[in-house]
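> When you get a sec, could you give me coordinates for this:
(2 chains)
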Amino acid sequence: MLDAIHSATAVEWIVASLILLGSLFALIGSIGLWKLPDFFMRLHGPTKATTLGVGALVIGSLIYFSSRGEGLSMHELLITIFLFLTAPVSANMLAKAAMHQRAKRVERTKGQPWD
Amino acid sequence: MLHTVILLCLCIMAVAVVLNMLRLLKGPDLPDRILALDTLYINAIALIILLGLYLDSDLFFEAALLIAVMGFVGTVAIAKHLLRGDIIE
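Alright, predicted model coming up:
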């Protein structure tokens, strides 16, 4: 294990920290989805954390596959761009659907758009 | 070292997927379950990217992109169905 740490290159360090950051963000988003009390709070967790998490993961793998000497590998970036474009749209649709269904909310969630 | 970190990240993402599954099973309302499915497909994309890193192969990104497109279309379709009672009017 120590040998592996000493022989690791700079690219490996960067990629390792990026994918660790990304998976921790995704885990935090899922913990938010599990722990928060009502739907409108639960919407907040995953829509922010998972896009950032997948973004960091994809940038990590982009750096890894670009460092193998086969030229710049950019098609991973499509996933990130697509997720960054679509995450707000689907979150908006979900919030509208929840408001339409009059999802239960706790006292702390302010604003009653259907009144 | 990268090998160990990728295994650790796969374990972390597995815990995240289990939390999403719990919310999918529990979720009191229909929008909660849709949100759980939405998070689940995003976490599946993360798992596929990690698998591509682990197997050192860049064949997996097309699958991840397909899951992203289909998941988005599915989420929007179900949310639209809840809003209107109909998908294509």
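> hang on, B:Ile67 packs against B:Leu40?
No: with contact defined as C-beta atoms under 8 Å, B:Ile67 does not reach B:Leu40; the gap is 10.4 Å. From N, CA and C alone the C-beta is placed, and that goes for glycine too.
> out of these two, which sits in the busier spot?
Of the pair B:Ile67 and B:Leu40, B:Leu40 is the one with more neighbours under other C-beta atoms under 10 Å in any protein chain shown, namely 21 against 17.
> Helix, strand or coil: sort out that one for me.
On the three-state scheme (DSSP: H, G, I helix; E, B strand; the rest coil), B:Leu40 is labelled helix.
> Help me confirm that it comes into contact with B:Ala16.
No: look at B:Leu40 against B:Ala16 with C-beta under 8 Å: they stay out of range, at 9.3 Å.
> Please name the nearest non-neighbouring residue to A:Gly29.
Closest residue in space to A:Gly29, ignoring its immediate chain neighbours: A:Ala49 at 2.8 Å, by C-beta to C-beta, 6 or more residues apart in numbering or on different chains.
> Just the element for the one you found, please.
Per DSSP states H and E: A:Ala49 is located in helix A:39-66.
> roughly how far is that helix from the heart of the chain?
2 Å (C-alpha atoms, centre = their mean, to the nearest Å).
> Which elements pack onto it?
helix A:10-35, helix A:77-101, helix B:30-54 (3 or more C-beta pairs under 8 Å, 6 or more residues apart in numbering or on different chains; DSSP states H and E).
> could you say what helices and strands the first one packs with?
This points to helix A:10-35. The elements that helix A:10-35 packs onto, with contact taken as 3+ C-beta pairs under 8 Å, 6+ apart, are helix A:39-66, helix B:2-26, helix B:30-54.
> Is it possible to get a markdown table of these that adds distance to A:Ile19 and mean pLDDT?
Shown next, in a markdown table, are the helices and strands packed on helix A:10-35 (distance: least, C-beta to C-beta, whole Å; pLDDT from 0 to 100):
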| stretch | distance to A:Ile19 | mean pLDDT |
| --- | --- | --- |
| helix A:39-66 | 4 | 86 |
| helix B:2-26 | 5 | 91 |
| helix B:30-54 | 7 | 90 |
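> will you turn those into TSV that also has distance to A:Pro88?
Listed next are the helices and strands packed on helix A:10-35 as TSV, based on distance: least, C-beta to C-beta, whole Å:
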stretch	distance to A:Pro88
helix A:39-66	8
helix B:2-26	20
helix B:30-54	12
